[in-house]
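Prediction below, plus the sequence it came from.
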Amino acid sequence: MKNFTTSTVLLGSAGVAMMSILSGCESPQDEMQNRFLVIEQGVNGKYKVIEEHPTDGASRAIIREYDKNGVMRERFMNEDELKELAEQEYAKVQDGTSETIQSGSSDAGMGLAGTILAVAAGSLLGNMIGNALMNNKNFKNRSNSVNKSAYHRSAGAKKSASKSSSKKSFFGGSSRSSSYGSRSFGS
């Protein structure tokens, strides 16, 4: 009887592992992946992400902002500069003064440091900090509103599709049961 129990446990464990693979579970690796960002300053002085791409190299960004003459200029920020701004903004999160955790509409955007933290906290400061921030409702809402990139929208669509597809049966069909009336063939 002991062999039967051991093999049943192994089979059950293998089944659970296979189901998680087939269901497309999200991994925290996506939050940790380095990013290439294009961040643009609006006429109101606030920033929004307009392009975002995962990258195998270091995180980096092109910042498009207006100079003192009102001409839009581009400048490059390397990973160290991005980390420094993200760390400064995270210190504000910890003392409660960051705009990333304030309630209210952020459709107008945020400051540069807040925008960087909202979009790349996990990849710049580590997954634990990224997850802790995403558990804050205000941070999550403001993070989603400053990221207007197609990558962000498609990643969100994949997450919602995987949540809705979890109601399917193991073999891809609907989990609804159907009932058929009893029929008698022949008399």
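Structure received.

Give me the helices and strands touching the helix or strand residue 39 falls within, please.
Using DSSP states H and E, residue 39 sits in strand 35-41. Secondary-structure packing of strand 35-41 (3 or more CB pairs under 8 Å, 6 or more residues apart in numbering; DSSP states H and E): strand 47-54, strand 60-66, helix 112-125. Where you see a C-beta, it was placed from the backbone N, CA and C, and this is true even at glycine.

neighbouring strands for it, and are they parallel or not?
strand 47-54 (antiparallel), strand 60-66 (parallel) (DSSP bridges).

Need those strands in CSV (columns: distance to residue 116, mean pLDDT and mean neighbour count).
Shown next, in CSV, are the strands paired with strand 35-41 (distance: least, CB to CB, whole Å; pLDDT from 0 to 100; neighbours: other CB atoms under 10 Å):
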stretch, distance to residue 116, mean pLDDT, mean neighbour count
strand 47-54, 8, 93, 18
strand 60-66, 7, 97, 17
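
wait, which of those strands is closest to residue 86?
strand 60-66 (11.0 Å; CB to CB).

for the helices and strands packed on strand 35-41, which one sits closest to residue 78?
Of all the helices and strands packed on strand 35-41, strand 60-66 comes closest under CB to CB, at 5.6 Å.

how about the helices in this protein?
All helices of the chain, identified by DSSP state H, fall at 2-22, 29-32, 79-95, 112-125, 127-134, 137-146, 150-165.

Which of these has the lowest mean pLDDT?
If the helices of the chain are sorted by mean pLDDT, helix 2-22 sits at the bottom with a mean of 47.

how near is residue 96 to residue 138?
11 Å (CB to CB, to the nearest Å).

quick one: which of those two has more around it?
Between residue 96 and residue 138, counted using other CB atoms under 10 Å, residue 138 has the larger neighbour count: 15 against 8.
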